[in-house]
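**Q** Quick one, what's the 3D model for this:
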Amino acid sequence: MNKWIVTFISMLILMSMFFAGCMEKNSFEEKTKCVLIEGKGKYSSIQNAVNHASDGDTVIVQPGVYYEKITINKPITLVGSGADKTVITCKNASEVFTITESTDIIRINADNCTIQGFTITSPSKELSSRTHGIVINSSNNRIVNNTISHCAYGIYTYHKTRGNNISHNIVTDNKYGIYLFFGTENNIILRNNVSYNDYGIRVKSINNTVFENLILRNNVMGVYLCCVAAGNLVYGNAFIGNNENARCDKAVNGVWSHDGMGNYWDDYNGTDEDGDGVGDTPYQIPGGGNCEDEFPLMNFRWVG
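**A** Numbering: from 1, shown residues only. Take a look at the predicted model:
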């Protein structure tokens, strides 16, 4: 009888392993190693799946922690099982961690990619490290519904990239949350939670839109338009609890309102005598750039 029970239990275990395909773990530390290319097959690592994917494929990453650095050289969609379930970090934090050169956890070299549904974090937790979350070296990509933390640059766009959409992400505890470098243009930064970074959003480039973001408690500055930044549109954002909410360098041309909508500033001291929800006097942006928000909002409007 005991022998029969042991045999029966063994068969159940084997059957469950066979049918599970990708065994989902309850703990991130028991990391799942299963990545699917939609309609094609499964792989043991994200990079392996990316390498085998064809243009236009969707790579689906099952829940777990993946200790990888990923380079994407073709137009694909990379989808996690939700930022609360799918983590990418470049090294196991239990090991000795030393960075001698910059490390990009995800680097996008191809146009028309989507990265969605991940937590992307540096295991060192040191903002002085040279680990970067998502580095975009291409155009017309979508970075959506991710959490990026503990990196030098959370999201970084390289020179000569354009048309990238960065939206609905949580970008927190980085040195620079979102950094648009020289020569990148026509990017959209929309409805992100950009909080507890040193610099929330830094823009060195032209013709970008920063719209309806929560810019919260950044240690140095919320939004910084600097250097050769010109033609950037910043409106509908909520600036709350930052050491300095925003700065606009001398010779920088930025617009801080659109169609009568400016931004919410927690340190705005003006009044709204006519009750239309817009301050009666402009909000002055410091920094020598003669920038101002002509239509400062009296109420917090972030949607998320």
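**Q** Report the spatially nearest residue to L216, omitting neighbours in sequence.
**A** Distance criterion C-beta to C-beta, 6 or more residues apart in numbering; nearest residue to L216, sequence neighbours excluded, is S195 at 3.9 Å. Every C-beta, even on glycine, is put in place using the N, C-alpha and C of the backbone.
**Q** All the helices of the protein, in order from the start?
**A** 2-20, 46-52 (DSSP state H).
**Q** Go through those and find the least confident stretch.
**A** Lowest mean pLDDT of the helices of the chain: helix 2-20, a mean of 39.
**Q** In contact with L216, which residues?
**A** Each residue near L216 by C-beta atoms under 8 Å, 6 or more residues apart in numbering is listed here: N193, V194, S195, Y196, A238, I240, G241, N242.
**Q** same check, this time on Y179
**A** Per C-beta under 8 Å, 6+ apart, neighbours of Y179: Y153, G154, I155, Y156, T157, Y199, I201, R202, K204.
**Q** what does G277 give?
**A** Counted by C-beta under 8 Å, 6+ apart, G277 has contacts L297, M298, N299.
**Q** circling back: bridged to the residue nearest to L216, which residues?
**A** T172, L216 (DSSP bridges).
**Q** So that it lines up with my notes, have the first residue be 41 from now on.
**A** Sure, I'll start counting at 41 from here, so that last one is S235.
**Q** G262 is in contact with that one, correct?
**A** No. Judged on C-beta atoms under 8 Å, S235 makes no contact with G262 at a distance of 9.6 Å.
**Q** So these two - more neighbours on which side?
**A** G262 (29 against 21; other C-beta atoms under 10 Å).
**Q** Hmm, that one is touching E284, no?
**A** Yes. Using C-beta under 8 Å, G262 is in contact with E284, at 7.1 Å.
**Q** Could you report the neighbour count for D299?
**A** 6.
**Q** Please apply the same query to F222.
**A** 14.
**Q** now swap in G329 and tell me
**A** Neighbours of G329 (other C-beta under 10 Å): 18.
**Q** between the contacts of Y219, which has the most around it?
**A** Greatest neighbour count in the contacts of Y219, by other C-beta under 10 Å, goes to G194: 34 neighbours.
**Q** just to revisit the earlier point, between S235 and G262, which contacts overlap?
**A** I255.
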